[in-house]
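Participant: Model the following, please.
(one chain, ligands or ions: 1)
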Amino acid sequence: MFKKLFKQDENIINSGLSNELPLPKHIAIIMDGNGRWAKKRFLPRVAGHRAGMDVVKKMTRYANSLGIKVLTLYAFSTENWKRPNDEVDFLMKLPVEFFDTFIPELVEENVRVNVMGYRDSLPKHTLDSVERAIEQTKHCTGLVLNFALNYGGRAEILTAMKEATAEFIKDGKEIDKLTEDDIEKHLMSYGLGDPDLLIRTSGEIRLSNFMLWQLAYSEFYFIDVHWPDFSEENLLEALLEYQNRSRRFGGL
Ligand code: V0D
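Facilitator: Okay, here's the model as predicted:
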């Protein structure tokens, strides 16, 4: 008589979200404002990055509990190498710390780690942790926790174009026959689907070279809260707004 509710449906209803309206399958977040958060507290910038990592853990748990399929987080852009050396060094240790403190829980919670970005220029200790995280969670079938690490959107499109055309030339196909699908197959996010919702924290209202191709049809949500202060309530607010937009859109 009563339909059995899955834990995720229960969590959705308890949080005030509609279980009739769609939720985003794929959420992408530009985690901005760690440095500013630290500055406000007279702390070194790296304290903001570390506090930001705890929020990554919190949001991973929350997104997974709601049955979100993919959570993509912009952790390090190709531009971030221009920051002071000691800050870059600190950032590159975060995946190690993340791995050491969080992988058992991720495995337990069935979360699969994925990384998109240019891995070759990462320091060895960073790359090792990243690869171990991917390896140890590769059997997981719940949330995909996708880190954009040393990632740039234009570079990604350029690489995809080169690979797609090289393949066409090798197969003797006419370049004129290239389709969007041919390029998409070579994007680093291939198989994850496009983000339905993009969130950027800390008040900046731009894309900063993030997932340029994949965000073509996404809903954008900007919130003036520094990433270390971003909470479950803030994410819930974004999801309620997403459902509101989809209701208005559906009503047309
Ligand atoms: C700092 C706030 C997790 C934004 C979050 C190297 C900036 C904390 C990772 C991570 C960073 C990446 C890959 C992986 C496991 C963990 C991370 C960086 C920065 C840049 F496989 N947080 N995090 N990576 N921050």
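
Participant: When you work out contacts or count neighbours from here on, use the C-alpha atoms and nothing else.
Facilitator: OK.

Participant: which residues are contacting stretch 61-78?
Facilitator: 7-9, 11-12, 23-31, 60, 111, 142-152, 192, 210, 232 (CA atoms under 8 Å, 6 or more residues apart in numbering).

Participant: ok, which of those also contact the ligand?
Facilitator: 31, 147 (CA under 6 Å from any ligand atom).

Participant: Pull out the buried members of the contacts of stretch 61-78.
Facilitator: By neighbour count, with 16 or more other CA atoms under 10 Å, the contacts of stretch 61-78 hold 9, 11-12, 23-31, 60, 111, 142-152, 192, 210 as buried.

Participant: Which ones among these lie within strands?
Facilitator: If you go by DSSP state E, those have 26-30, 144-151 in strands.

Participant: The closest residue to residue 184 other than its chain neighbours in helix, strand or coil?
Facilitator: Among residues not flanking residue 184 along the chain, residue 190 sits closest, at 6.7 Å (CA to CA, 6 or more residues apart in numbering). When classified by DSSP: H, G, I helix; E, B strand; the rest coil, residue 190 comes out as coil.

Participant: buried residues in the helix or strand where residue 135 lies?
Facilitator: Residue 135 is located in helix 124-136, with elements delineated by DSSP states H and E. Under the neighbour-count criterion of 16+ other CA under 10 Å, helix 124-136 has 126, 127, 129, 130, 132, 133, 134 buried.

Participant: Pull up the gap between the residue nearest to residue 184 and the ligand, please.
Facilitator: 18 Å (CA to the nearest ligand atom, to the nearest Å).

Participant: before we move on, what about residue 125?
Facilitator: 11 Å.

Participant: Helix or strand: which one has the closest residue to that residue other than its chain neighbours?
Facilitator: Nearest residue to residue 125, sequence neighbours excluded (CA to CA, 6+ apart): residue 96, at 7.1 Å. Assigned by DSSP H and E, residue 96 falls within helix 85-108.

Participant: ok, and what's touching the helix or strand following that helix?
Facilitator: Remark: after helix 85-108, the chain's next helix or strand is strand 112-116, criterion DSSP H and E. Outside of strand 112-116, the residues within contact range by CA under 8 Å, 6+ apart are 106, 130, 133-134, 137-149, 151, 188-189.

Participant: Need phi/psi at the residue nearest to residue 184.
Facilitator: Per-residue torsions, residue 190: phi -60, psi 130 (degrees, to the nearest 10).

Participant: Looking at stretch 80-94 now, give me its mean pLDDT.
Facilitator: For stretch 80-94, mean pLDDT is 96.

Participant: ugh, wrong one, I meant stretch 240-247
Facilitator: 96.

Participant: same deal with stretch 197-215?
Facilitator: 97.

Participant: Identify each buried residue in it, please.
Facilitator: Buried, per 16+ other CA under 10 Å, within stretch 197-215: 197, 198, 199, 200, 201, 202, 209, 210, 211, 213, 214, 215.
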